[in-house]
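Student: Generate coordinates for the sequence data below:
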Amino acid sequence: MVEKNEIQARLPQAFKGLPLGRLEKHSGKVRDWYSLGEERRLLVTTDRLSVFDRVVGAVPWKGQVLNELSAWWNRQTADIVGNHLLSVPDPNASVVRLASPLPVEVIVRGYITGVTSTALWHRYSQGERKIYGYSFPEGLEKNQRLPEPIITPTTKALPGFHDERLTVAEVVEKGYLRKDTWNRVMEVSLALFARGSKIAADAGLILVDTKYEFGLAPDGSLLLIDEVHTPDSSRFWKAKSYQERLGKGMEPELFDKEFVRLRYTEVGYRGDGELPALPDSVWAETSLLYQKAYELLTGEPFKPGSYPVGPRLAATLAKEGIEV
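Tutor: Numbers count the residues shown, from 1 in each chain. Predicted structure coming up:
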């Protein structure tokens, strides 16, 4: 694992550009992608961190954790559903097959938690008992495990708009997906969550909730796309101290980007207006959490690679006849 002082030494560095000037580039909040032709894309994870639906800073080596951990999870779940991964030519980059993203993302929740206005716990604590089409019993406590995992679908976000929260029934009723496709997505999502929960438990972690994104391959088959079970796409808690802290009304120990979100809420920020400054120690601690999550889940030591994506990627692409 990278030492804290080495992390802090990297914090002032801006994310440098890739040597891919001849390729068509598209940028998202936390990743970039390049068209490679022949139904392939190069996905590049960056160290940018997004919370409150905006980029708030950079976490050293976060991009590598997301890229390599997603690739690892794809291998652990390939028997459940196919995925878009083709190769990992660099610690921060993957070559993936082109897929048409479905217009609905799937959130699977195993616990009642959250701090934002749309969070499951926030709505429950305000007196709602019918949320996302599910009926919830009286007497639930914050961060308590749900009787069984629930699915809360959402539309893919458009620039300038927050996601539209849907019930399971509305996905079909509003024409987002055919019933057979949606039934398959729900079946696969619950199977993925069950596999993820088992692996997390074996690693001493709790998989609290997670987001899955699916697409269709050119032949129409369902593919798991985007990142999978990373500290950005999933919420993880430390299992050993969970019950003790729950009994004391304390927040669970985190292994995900919620660590940063909570640091902002502690100083009164809720997502609107100018971002308050956080100490460098927060970003260094976040990097260590990401690396530790990687090591616990995979059982392998985290080995920092090129920073950022560099010569090895260019050499790999050149072997495939792609000029950069």
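Student: I'd say Lys62 and Asp47 touch.
Tutor: Yes. With contact defined as CB atoms under 8 Å, Lys62 and Asp47 form a contacting pair (4.9 Å). (C-beta placed from N, C-alpha, C; glycine too.)
Student: Burial check on Lys198, number of neighbours?
Tutor: For Lys198, the neighbour count with other CB atoms under 10 Å is 12.
Student: so where does it fall, helix or strand?
Tutor: Under the criterion DSSP states H and E, the helix or strand holding Lys198 is helix 179-202.
Student: again, but for Ala9
Tutor: Judged by DSSP H and E, Ala9 forms part of helix 4-10.
Student: so what secondary structure elements neighbour that helix?
Tutor: Helices and strands touching helix 4-10, by 3 or more CB pairs under 8 Å, 6 or more residues apart in numbering; DSSP states H and E, are helix 280-298.
Student: Spit out the contact partners of the residue nearest the centre of the chain.
Tutor: The chain has Ser233 as the residue nearest its centroid, 1.5 Å off, counting by CA atoms, centre = their mean. Listed by CB atoms under 8 Å, 6 or more residues apart in numbering, the contact set of Ser233 reads 210-211, 226-227.
Student: just the strands in the stretch 201-324 of the chain please.
Tutor: Chain-ordered strands for the stretch 201-324 of the chain, with DSSP state E, counting those that start in this stretch as the definition, fall at 205-216, 222-225, 234-238.
Student: okay if I get the ones you listed as TSV plus distance to Gly37, mean neighbour count and mean pLDDT?
Tutor: As requested, the strands of the stretch 201-324 of the chain are arranged in TSV below (distance: least, CB to CB, whole Å; neighbours: other CB atoms under 10 Å; pLDDT from 0 to 100):
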stretch	distance to Gly37	mean neighbour count	mean pLDDT
strand 205-216	18	22	97
strand 222-225	18	22	97
strand 234-238	32	23	97
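Student: got TSV for those strands, with distance to Ser35 too?
Tutor: Formatted as TSV, the entries for the strands of the stretch 201-324 of the chain read as follows, by distance: least, CB to CB, whole Å:
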stretch	distance to Ser35
strand 205-216	16
strand 222-225	16
strand 234-238	28
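Student: out of the ones you listed, nearest to Leu289?
Tutor: Minimum separation from Leu289 across the strands of the stretch 201-324 of the chain (CB to CB) falls at strand 234-238, 9.1 Å.
Student: coming back round to it: show me the one of the strands of the stretch 201-324 of the chain that comes nearest Tyr269.
Tutor: Shortest distance between Tyr269 and these, using CB to CB, is found for strand 234-238: 19.4 Å.
Student: helices and strands around the closest one, which ones?
Tutor: Here strand 234-238 is seen to pack against strand 205-216 when contacts are counted using 3+ CB pairs under 8 Å, 6+ apart.
Student: run the last query once more with 10 Å
Tutor: Under the contact definition 3 or more CB pairs under 10 Å, 6 or more residues apart in numbering; DSSP states H and E, strand 234-238 sits against strand 104-112, helix 179-202, strand 205-216, helix 242-247, helix 258-266, helix 280-298.
Student: Specify the angle between that strand and helix 179-202 in degrees.
Tutor: 30 degrees (axes from the mean of the first three to the mean of the last three CA atoms, to 10 degrees).
Student: Using PDB, write down the CA coordinates of strand 234-238.
Tutor: Included here for strand 234-238 are C-alpha records, laid out as PDB according to Å, rounded to 0.1, in the frame of the first residue of the first chain:
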ATOM      1  CA  SER A 234     -20.700   0.800  -3.900                       C
ATOM      2  CA  ARG A 235     -20.900   1.500  -0.200                       C
ATOM      3  CA  PHE A 236     -18.800  -0.700   2.100                       C
ATOM      4  CA  TRP A 237     -18.700  -0.900   5.800                       C
ATOM      5  CA  LYS A 238     -16.300  -2.700   8.100                       C
END
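Student: coming back round to it: mind checking which of the strands of the stretch 201-324 of the chain is nearest Pro89?
Tutor: strand 222-225 (18.1 Å).
Student: Tabulate the CA atom coordinates of the closest one in CSV.
Tutor: Presented in CSV, the C-alpha positions along strand 222-225 are these (Å, rounded to 0.1, in the frame of the first residue of the first chain):
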residue,chain,number,x,y,z
LEU,A,222,-27.0,-8.3,-21.9
LEU,A,223,-23.6,-7.0,-20.7
LEU,A,224,-22.5,-5.6,-17.4
ILE,A,225,-20.7,-2.3,-18.1
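Student: List the strands paired with it, with their directions.
Tutor: Strand pairing for strand 222-225, determined by DSSP bridges: strand 82-83 (parallel), strand 205-216 (antiparallel).
Student: circling back to that earlier point, return every residue with contacts to both of Lys62 and Asp47.
Tutor: With contacts taken as CB atoms under 10 Å, 6 or more residues apart in numbering, Lys62 and Asp47 have 30, 92, 283, 287, 290 as neighbours in common.
Student: just to revisit the earlier point, want to throw the strands paired with strand 222-225 into TSV with distance to Ala169?
Tutor: As requested, these are exported to TSV (distance: least, CB to CB, whole Å):
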stretch	distance to Ala169
strand 82-83	27
strand 205-216	19
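Student: Since that was my last question, I'll sign off now.
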